[in-house]
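Enquirer: How does the following fold in three dimensions:
(chains A, B and C, ligands or ions: 3)
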Amino acid sequence: MQYLKPASFEEAVAMAGEAHGDVRFLAGGTDLLVRMRMGAVPDVLIDLKHIPGVYDIERTENGGWRIGVAVPGAELTEHAGLRADWPGVVEAVGLIGSTQVQGRATPVGNLANASPAADSVPALIAAGAEVEVLGPGGRRRVAVGDIPAGPGRTRLAQGEVISALYLPPRAAHGGDAYQRFIPRTEMDIAVVGCAVSLSRDGNVITEARVALGAMAPTALMVEEAASALVGTTLGEEALEALSEAASAAGRPIDDKRGTAKFRRHVAGVLARRVALVAYERAGDAK
Amino acid sequence: MSMVHVSARVNGDPVEFLCDSRETLLDVLRDRLALTGAKEGCGTGDCGACSVIFNGRLVASCLVLGAEAEGAEIETIEGMADGEKLHPLQQKIIAHAALQCGICTPGILIAAKALLAKNPDPDEETIRYWLAGNLCRCTGYDKIIRAIQDAAAEMREEA
Amino acid sequence: MALDEGKDVKGGHDAREYDHQGPFRHVGTRPDRPDGVDKVTGRAHFGADAYAPGMLHAAILRSPHAHARILKIDTSRAEALEGVKAVVTRADFAEGLEGEDWNILENIMAGEKALYDGHAVAAVAATSKFIARDALALIEVEYEILPHVTDVDEAMQPGAPVIREGAAEPGLPEGMHPNVVRYHESGHGDVEAGFAEADLVIQRHFATEATHQGYIEPHACLAQMGPDGRGDLWCTTQGHWNVQKLCASLLGVEASAIRVTASEIGGGFGGKTTVFIEPVAMALARKSGRPVKLVMSREEVFRASGPTSSASMDVRIGMKKDGTMTAAEGTFRLQGGAFPYAPMEFTAMCAFACYDLKHVRQRGFDVMTNRPKQAAYRAPGSPMAAFAVESVVDELCQKLGLDPIEVRLKNAAREGTRASYGPTYPRIGLVETLEAARAHPHYSAPLGPNQGRGIACGFWFNYGGETSVTLALSMDGTVQIAVGTPDIGGSRASMALMAAEELGIPYEDIRVTIADTASLGFNEISHGSRVTYASGLAVIKAARDAKRKLIARAADKWGIDPEAVEWRDGAAWPAGDNAGSFEPLTIREICAEMGATGGPIAGHYEATPEGAGVSFATHIVDAELDPETGKVTILRYTVVQDAGKAVHPSYVEGQFQGGAAQGIGWALNEEYIYGEDGRLQNPGFLDYRIPVASDLPMIDTVIVEVPNPGHPYGVRGVGETSICPPLAAVANAVSNAAGVRLRQLPMRPARILEALEAQTDGEG
Ligand SMILES: Cc1cc2nc3c(=O)[nH]c(=O)nc-3n(C[C@H](O)[C@H](O)[C@H](O)COP(=O)(O)OP(=O)(O)OC[C@H]3O[C@@H](n4cnc5c(N)ncnc54)[C@H](O)[C@@H]3O)c2cc1C
Ligand code: FES
Ligand code: FES
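Expert: Ligands and ions are numbered 1, 2, ... in the order given. Below is the predicted model of the structure:
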């Protein structure tokens, strides 16, 4: 395996273009090294951590956030500004693995690894996050939800690298939240994950986005669940409709982590709980 | 085989090594630098026995490549005691009998040290969640939690 | 416990050794363990921490199939790879083995068939880990895939694939499937008559999944073997004499040709009582002429080292309205993988051991399946029995409106009770644990909504076994003890405490070393909770032997009869006025002169102590159920157990807590998950879910001390009983919290939710 350290994203793209065989970009390595241990050793590994700016968390001009591709979970969860704006995204990133994993793992790696159960992805989708993608064909902005294509597969073209993660400015009176179901308290992969981001006008929900993890080959937005919320004050009826929409979403499977039936049930339970937290947060927000 | 040349600092001392690009930092510490205090319990980030502090962050050294250590500051269990003098966490782990077999102990000590650097007075729940990636199969964690709290109290007094 | 050796394991042995009623000076205190500093500084050397000049790295090729005939293995391409120094297959091991040695060989390297997913078929030694791994990919194995079975009940069905023809022992009931290889039946009285006396009889079916010991240190060793056929082996093990014996047998050499040194051991819980990789490393070392290091990956640990058995059980118990148990009966089917010796007789024998029963009968079936060979795990066979029996007892209490502790007290086995498995109990401590549990504030603490409390009892025989100890005195009067039982959980401290007690010298003056196989007589494995009991007894006896010799030197010097000398406070004293008037001679003074007064002084003990002393525990647990997701949280846990005499109470508490934690894992989340293809789906700590720190509460402990008549200080083994009650205690708590009873482990959330749904449907 060849180990390369580009000094810019352009160089990274060029290196990937010249390389033969299995080429991988390296962020925190918490997925990649596990895969390597299982025998999937790439031919070329391009470490992005020496590119200037990859450890930065900055406000963008429009009041959102730009997060470097090497910022690990630990750094992100310690960031007061991010925590205040996007508590749901931050709690989702904070759920990835142990303290040790947090010391390395990045949300972009979480996204590009394309596990249906990735914790940060539903939260990023609900938040309306985007990534900047650089490739032989140039630079483009892509919605987070458009990156995963299926378990372990992305829609990134050959040689394309994600160069930054963008969170939009938080809406006035907006709040987000994420929860997952796992059998233990920590160190498990989500059986189901659910993120809700919403805005309020007084007690009425004006906008909502609901995303689920581990209910389909990729994390997915559930329009029906969101529309169950909009225009309501999150009364029992709205919660019931939300819960039903969440349970009905996707195409969950039976596997060692849970049955489809269980996943559907828990999706409904989580959606309720998460919506309540997001609603509270939006109420507290300015 | 593509070997990578790396210089870093381990426990304050400069080190240099050549490693296979596929080798993990854990492999390098153990096999090339003869620092066998970090243990491999899983090799996949699940057990925490290989915990080290890497550029100020607690990490699993089995999830870091040796090649990534270029220019890094690394702290391992071997650097925890100050010469003859044990770190308060080390003393308290012994005093509370907070180890049985001891294979998890180096990782737990390193993780606990990182915790106390961030939070000098952690409550039980904080310690438990912080240590969720440090598996101990022998003790049921009870005495480990007590030892860490006791060490934290002592360190607060000394500070 | 070494079932294979056909040893008689009985708790009822009447060996009277108890002679020191105290007060104790050292025993019962909590000094720092002698190896503490090594273990907190990273200096302690575990299995994988050994290196040798010129060392090769080995890797094992494992079958991806649950059951397949091996048609051909071609290793030529691997051998041709640069850096590969040796490749071994079954042909490189001894031929003509029989019995358990053959089973073990077959397990560590497949012969004609691969019998489970992960079964070793070949191994490579090369100059680097990476080359060894690459070489595995070059070994070509041609398999003929055979139908497989991994479930114990399915393996007993007519038409189930046969794992091995002719493996069954004689004496089985008629008409058994060839996968049923052994049968056990025991008990007394007339159970049907007993059931007729009952007001309520409950019969239930139970199932438990296989769990793994889950020690954090994978199996690891460093092997060397010269062309003269002599070798050295460094490895992590609970019993290096057993490793020596097995390696010698499997390699076809004499035992004395191999010297085995036990490394520090990173947990075992029974799983490191046999060999998995050690003979393979030795064979590679022999073939390559180089030192060979072999370390299992975590995945290999799960796929190919001993999990415990899974079990299918039926239990029936009769009770009168006043709580008197009238009869009990149980059938216990255990699969132990593709080999005989699932510990089903222990399951059967332990099942009703807590109760004084006039009528009791238990049956056990040992069943083979396409799974790895089971290895001992903490009280092997007993936890599943306790799960089934204590669940039924609890259900009887619920239905009859009786207090679960009162009912257990009413029926508890006591001194003089005829145990369900045969012998008559000497002094035992079950009643004391129940009384302590009842008096504990936990038992009467209030509970919130969705919370429930469970209690359960558990039993383990404990074990003695062959033991040798040498206690050598230095010229300065300090002491060096060589024991043969690896220190898994602070046993060096316990040994030093007992020697300090006997010799009347400071704890710090004693150094305890784990001797290698060339330096001490044979020692049984550290298992069966035998270390503190048997090695401890041996240390006491060796210290007494040394004391006799010290006394003789003093008597000689004073010119009086040794009978007239007594040992006190680390010195020889004339015993009473008649003995004469002499200044006491301290151990230091005697030792300083030992060269001139008759030569070196050492105490020895070599024997097989048999009074291990059975041990009982009662656990209390509070659980909270999330009724919407089926998730259970353990809120509070109390272990009450009889330790006989706690030598180092902190380490006794540690054993109690560790066993409880493992039992909670077994109850809630741990399981071997096999796919349709017979492959293990969760060979890693991410999906084989042992409890993490945030899963558990503090675990309160109460040490009950009812002296074991079979030990000079009354010590009983404490390591195993603590894993017996939690499965049932948690199930009973869940039942009280949720109103549904789970009879299948683990009680994963989906299962609880299904049970809740079934209950609502039933009501609706
Ligand atoms: C013990 C353990 C526990 C875990 N628990 C969780 C959990 O609870 N929840 C969860 O969601 N995940 C979990 N994970 C998985 C993993 O930690 C996360 O997916 C993590 O976010 C991956 O980030 P990384 O930076 O380490 O990625 P890497 O391993 O560096 O990369 C992952 C993938 O993304 C690609 N990639 C990385 N950066 C880029 C880029 N900039 N452009 C294009 N491609 C890129 C890589 O090539 C690779 O294919 C766990 C892993 C471990 C080892
Ligand atoms: S060995 Fe690194 S986490 Fe287990
Ligand atoms: S003390 Fe053995 S694993 Fe923690």
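
Enquirer: all helices for the chain, in order.
Expert: Since you didn't name a chain, this refers to chain A. A:9-18, A:32-37, A:73-77, A:80-85, A:87-94, A:99-102, A:107-113, A:120-127, A:223-229, A:236-248, A:260-284 (DSSP state H).

Enquirer: Let me rephrase: I mean chain B.
Expert: For chain B, helices defined by DSSP H occupy the ranges B:25-27, B:88-95, B:105-118, B:124-130, B:142-158.

Enquirer: In a markdown table, list the ones you listed along with distance to C:Ala348, mean pLDDT and mean neighbour count.
Expert: Every C-beta, even on glycine, is put in place using the N, C-alpha and C of the backbone. Supplementary listing: the helices of chain B in a markdown table, determined by distance: least, Cβ to Cβ, whole Å; pLDDT from 0 to 100; neighbours: other Cβ atoms under 10 Å in any protein chain shown:
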| stretch | distance to C:Ala348 | mean pLDDT | mean neighbour count |
| --- | --- | --- | --- |
| helix B:25-27 | 45 | 98 | 25 |
| helix B:88-95 | 41 | 98 | 23 |
| helix B:105-118 | 39 | 98 | 25 |
| helix B:124-130 | 39 | 98 | 18 |
| helix B:142-158 | 33 | 97 | 19 |
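
Enquirer: Of the ones you listed, which is nearest A:Pro72?
Expert: Comparison of these against A:Pro72 by Cβ to Cβ identifies helix B:105-118 as nearest, at 13.6 Å.

Enquirer: In contact with A:Ile182, which residues are there?
Expert: Contacts for A:Ile182 were tallied using Cβ atoms under 8 Å, 6 or more residues apart in numbering or on different chains; they are A:188-191.

Enquirer: One more pass at 7 Å, please.
Expert: Neighbour list for A:Ile182: A:188, A:190-191 [criterion: Cβ atoms under 7 Å, 6 or more residues apart in numbering or on different chains].

Enquirer: Ramachandran angles for it?
Expert: Geometry field for A:Ile182 lists phi and psi as phi -140, psi 150, criterion degrees, to the nearest 10.

Enquirer: how much space between it and B:Tyr141?
Expert: As for A:Ile182, its distance to B:Tyr141 is 18 Å (criterion: Cβ to Cβ, to the nearest Å).

Enquirer: cool, A:Gly135 as well?
Expert: If you go by Cβ to Cβ, the gap between A:Gly135 and B:Tyr141 works out to 47 Å.

Enquirer: more crowded one of these two?
Expert: When A:Gly135 is set against B:Tyr141 and neighbours are counted by other Cβ atoms under 10 Å in any protein chain shown, the residue ahead is B:Tyr141, at 31 against 19.

Enquirer: Tell me, how many residues neighbour residue 94?
Expert: All of this refers to chain A. A:Gly94 is flanked by 19 other residues according to other Cβ under 10 Å.

Enquirer: um, chain C though
Expert: C:Ala94 sits with 16 neighbouring residues when counted by other Cβ under 10 Å.

Enquirer: Got phi/psi on the closest residue to it other than its chain neighbours?
Expert: Residue nearest to C:Ala94 in three dimensions, not counting chain neighbours: C:Gly252, with 3.6 Å by Cβ to Cβ, 6 or more residues apart in numbering or on different chains. Summarising the backbone geometry of C:Gly252 under the convention degrees, to the nearest 10, its torsions are phi 70, psi 40.

Enquirer: what helices or strands is the host helix or strand of C:Asp38 leaning on?
Expert: Secondary structure assignment for C:Asp38, by DSSP states H and E: helix C:36-41. If contacts are counted by 3 or more Cβ pairs under 7 Å, 6 or more residues apart in numbering or on different chains; DSSP states H and E, helix C:36-41 sits against helix B:88-95, helix B:105-118.

Enquirer: Please tabulate those in TSV, including the columns distance to chain C.
Expert: Formatted as TSV, the entries for these read as follows, by distance: least, Cβ to the nearest Cβ, whole Å:
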stretch	distance to chain C
helix B:88-95	4
helix B:105-118	5
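
Enquirer: Once you drop chain neighbours, what's closest to residue 159?
Expert: Since no chain was named, I'll use chain A. The nearest residue in space to A:Gly159 (Cβ to Cβ, 6+ apart) is A:Ala16, at 4.2 Å.

Enquirer: I was thinking of chain B, sorry if that wasn't clear
Expert: Leaving aside its sequence neighbours, B:Ala159 sits nearest to B:Pro120 (Cβ to Cβ, 6+ apart; 7.2 Å).

Enquirer: what's the one you found in contact with, if anything?
Expert: By Cβ under 7 Å, 6+ apart, the neighbours of B:Pro120 are B:152, B:155-156.

Enquirer: now do A:Ala172
Expert: A:Ala172 makes contact with A:Ser199, according to Cβ under 7 Å, 6+ apart.

Enquirer: How much space separates it from C:Cys235?
Expert: Distance, A:Ala172 to C:Cys235, by Cβ to Cβ: 66 Å.

Enquirer: Also C:Ala646?
Expert: Looking at C:Ala646 against C:Cys235, where the rule is Cβ to Cβ, the gap reads 31 Å.

Enquirer: likewise C:Ile216?
Expert: Taking Cβ to Cβ as the measure, C:Ile216 and C:Cys235 are separated by 16 Å.

Enquirer: do the same with A:Ala118
Expert: Note on A:Ala118: its distance to C:Cys235, by Cβ to Cβ, is 40 Å.

Enquirer: same check, this time on A:Ala129
Expert: For A:Ala129, the distance to C:Cys235 under the criterion Cβ to Cβ works out to 51 Å.
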